[in-house]
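**Q** no sequence on hand, only this structure:
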C-alpha cells in the first residue's frame, strides 16, 4: 500500500478519482491506495475514512449489507447499532441508498451505500470522530461513474487522465518519484507514467534515455522523434520482426511518448503496446487528456511504502 498527498487548483479541496469512484476531499488529507476498489484517507498519518466498493445487483444491497455487518461484528467483537444520518450526510449521499450503523451513540461508524444508477455497493468506515470531528462533513462531493461511459477519469496525486472504457485497470505502482497506472484489454496494454521531480531525472539522463528505460527498448533512439518538450517512439515492425518479437513473448507494436512539463517539474509518459497495429486516434485522445491538475508545491507529495 502507498501513501501520497496531492494538491489541486482549489486550495481547499482536491479531486480523487479511482476506478469509477470520485470525491473531493480536503487538500490536507493523504490518500492511501490499497487496491483496485479500496482507498483510505488520512491526516497526519491518522486514519479518517476508508472506502471499499464492488459491482452488485440492486437486489443484493440488503444481503451485502447484512453479510458485511455480521463480518464486522465478528472481527471487532462489538455490536453495531442502526444510526441516523445528519443533514450534511443526506446531502452527500443524495444519489445513494444508505444504511448507517454505529458502535456507540455518536455519529455513524459504518455506512453502507448503493448507487442504483451505477450498480455499485460501497462500504464507508469512519475512523476519526474525536471532539465531534466528522470527516464526512469535509467531503464536498461523492459520486460513482456509470459503466456505460465512453471514458473514465483517473485523478491521483497532482495529475488526471481519461481512460477509454474497455481498457480495464490491471495494477499500479507508486514508488518515490515514479507513479505508474496499468490498463489492459485483449491484445493491448497501456501504461501511464508520472516522474517527479523531472529536474532530478533529467540531470542524470536525457528524455530519450528515460523513455528507453520505461519501454525496456534499448535501440529506441534510432526510431524516435524529438519535438519541443516531447520525445515520441513508434515500433511497427514487418512480418518477420513481428514473428521474432512474438517468439520472445513481446508485443510487436508500440507507441510511446514522454512529455516534459517544466512549469510543474514533471515528466508524463504514455506507453501502449499491442499484438496488432495501434489505434493512433485512441492513443492521442488518452495522451491529450493527460494533465497536471495543480501547481507544484514543495512537499505536496509524500510516499511511504
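**A** Here it is on my side, so go on. Being a predicted model, the structure only gives us computed values, none of them experimental.

**Q** in the chain, which helix has the most residues?
**A** Assignment by DSSP state H gives helix 61-76 as the longest helix of the chain.

**Q** what ranges do the strands span in the stretch 201-305 of the chain?
**A** For the stretch 201-305 of the chain, the strands defined by DSSP state E, counting those that start in this stretch cover 224-227, 230-235, 253-261, 266-274, 291-292.

**Q** between those strands, which one is nearest to residue 115?
**A** strand 291-292 (27.2 Å; Cβ to Cβ). Just so you know, the C-beta spots here come from the backbone N, C-alpha and C atoms, and that holds for glycine as well.

**Q** domain-wise, how is the chain divided?
**A** Domain segmentation of the chain under automatic domain parsing yields 2-144, 166-292.

**Q** can you tell me which of the ones you listed the model trusts least?
**A** Looking at the domains of the chain, the lowest mean pLDDT belongs to domain 2-144 (a mean of 88).

**Q** one step back: need the strands of the stretch 201-305 of the chain in JSON lines (columns: mean neighbour count and distance to residue 68).
**A** Output for the strands of the stretch 201-305 of the chain, formatted as JSON lines (neighbours: other Cβ atoms under 10 Å; distance: least, Cβ to Cβ, whole Å):
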{"stretch": "strand 224-227", "mean neighbour count": "12", "distance to residue 68": "51"}
{"stretch": "strand 230-235", "mean neighbour count": "19", "distance to residue 68": "47"}
{"stretch": "strand 253-261", "mean neighbour count": "22", "distance to residue 68": "42"}
{"stretch": "strand 266-274", "mean neighbour count": "22", "distance to residue 68": "38"}
{"stretch": "strand 291-292", "mean neighbour count": "17", "distance to residue 68": "37"}
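
**Q** what's the first helix or strand after the host helix or strand of residue 39?
**A** Element membership for residue 39 (DSSP states H and E) is strand 38-43. Counting by DSSP H and E, the next helix or strand C-terminal to strand 38-43 is strand 46-55.

**Q** parallel or antiparallel, which strands does that following strand pair with?
**A** strand 38-43 (antiparallel), strand 120-126 (antiparallel) (DSSP bridges).

**Q** quick one, helices of the stretch 201-305 of the chain?
**A** 207-215, 239-247, 280-289 (DSSP state H, counting those that start in this stretch).

**Q** identify all contacting residues around stretch 166-178.
**A** With contacts defined as Cβ atoms under 8 Å, 6 or more residues apart in numbering, stretch 166-178 is touched by 2, 4, 19, 33, 36, 179-185, 188-190, 193-197, 200-201, 303.

**Q** buried residues, that stretch. List them.
**A** Neighbour counts over stretch 166-178 (16 or more other Cβ atoms under 10 Å) mark 167, 169, 172, 174, 178 as buried.

**Q** go on, stretch 186-201?
**A** Neighbour-count burial for stretch 186-201 [16+ other Cβ under 10 Å]: 188, 189, 190, 191, 192, 193, 194, 195, 196, 197, 198, 201.

**Q** before we move on, the earlier item: save the strands paired with strand 46-55 as CSV, and put in mean neighbour count and distance to residue 99 too.
**A** Formatted as CSV, the strands paired with strand 46-55 follow (neighbours: other Cβ under 10 Å; distance: least, Cβ to Cβ, whole Å):
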stretch, mean neighbour count, distance to residue 99
strand 38-43, 19, 20
strand 120-126, 21, 10
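
**Q** wait, which of those is closest to residue 211?
**A** strand 38-43 (30.1 Å).
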